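K.L.:
My questions concern the predicted model and sequence given below.
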Amino acid sequence: MVSQEQRRRQLAREKFLRQQQRRTQARRKARLRNSVIASVLGVVVIGSVALYTTGVLKDDGGKKENASAEVTPSATPTSKAPDPCRKPAPGKAEKLSWKKEPAMTIDTSAKYTLKLATTCGDIGIALKTSAAPHTVNSFDFLAGKGYFDHTKCHRLTTQGIYVLQCGDPQGTGMGGPGYTLPDENLKDKSLKNNTYPAGTVAMANTGQKHTGGSQFFLVYKDSPLPPSYTPFGTIDAAGMKVLDKIAAAGESTGAGDGAPNATVVIDKATVTKS
């Protein structure tokens, strides 16, 4: 005959097993959900490259809420390379938002440069003002508001395409300024044979037209991509060396698409008219 104490212990064990089963099922559902998101929101690229770039250049999707699915590959992480970057400056990212695109205030006939003072070094970018006026005007506005200050560059891709993605104050790939921008300069003469050349700075988007916001990517090596992402700047030589250093440190998943191992934080972003 089973005693009351034995029965109590048996019920406790059964409860524990049920909890473990529920947790296992939840993890399986989460993995399945991520796979579905990846297949739906993946960047469409030539050939097998698409398998590596799913969701990489996604950003700011939707007029109500900027949304970008950051799909984390499930491969076992490899050992991290030494962090080549310094600690971030004191402060934290401000989660600012606006209901509509800022009014045009830049001089579209003038030259503008964007300086990203990062924990890994300064990245200078010559902006394509006349070719992408809405995008450059938005960056001038956001930088002036301190929107990019203390933000992490949240994604590094090292296989298939070669980009560092930044511009999300949340650091998750889900954030944006609350408004979207029109696509611009998609026939830029630098975009040949469905390739974004090394040194290009372009807008991320949701995969739909006119859905850019604040997230952008910096190309450190020629990357096969369709001309769907507004190219709005060119990185200087010193900035390319910074990107090479970040890329050499690798990313967190070992699968070629994840958070940078380097501590990449934009301490300060500045747009200057020259």
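P.N.:
Cool, got the structure.

K.L.:
Quickly find the element holding the residue most central in space within the chain.
P.N.:
Nearest residue to the geometric centre of the chain (CA atoms, centre = their mean): residue 165, 3.6 Å. Remark: residue 165 resides in strand 163-166, with elements defined by DSSP states H and E.

K.L.:
Next: residue 142.
P.N.:
Per DSSP H and E, residue 142 falls inside helix 133-144.

K.L.:
Remind me what that helix packs against, helices and strands.
P.N.:
Judged by 3 or more CB pairs under 8 Å, 6 or more residues apart in numbering; DSSP states H and E, helix 133-144 is in contact with strand 112-118, strand 231-235, strand 265-273. For glycine as for every other residue, the C-beta is placed from the backbone atoms N, C-alpha and C.

K.L.:
tell me how far it is from the chain's mean position?
P.N.:
The chain centre lies 18 Å from the centre of helix 133-144; the measure is CA atoms, centre = their mean, to the nearest Å.

K.L.:
sorry, back to before: direction included, what does the strand holding residue 165 pair against?
P.N.:
Paired neighbours of strand 163-166 in the sheet (DSSP bridges): strand 155-157 (antiparallel), strand 216-219 (antiparallel).

K.L.:
Give the next helix or strand downstream of the longest one.
P.N.:
Read it as strand 216-219. The helix or strand immediately downstream of strand 216-219 is strand 223-224, counting by DSSP H and E.

K.L.:
follow-up on the earlier one: for the residue nearest to the centre of the chain, list each beta-bridge partner.
P.N.:
Applying DSSP bridges to residue 165 yields these beta-bridge partners: residue 155, residue 217.

K.L.:
hang on, isn't it packed against residue 171?
P.N.:
No - assessed by CB atoms under 8 Å, residue 165 is found out of contact with residue 171, at 10.8 Å.

K.L.:
picking that back up, for the helix holding residue 142, list every residue counted as buried.
P.N.:
133, 134, 135, 136, 137, 138, 139, 140, 141, 142, 143 (16 or more other CB atoms under 10 Å).

K.L.:
Noted, bye for now.
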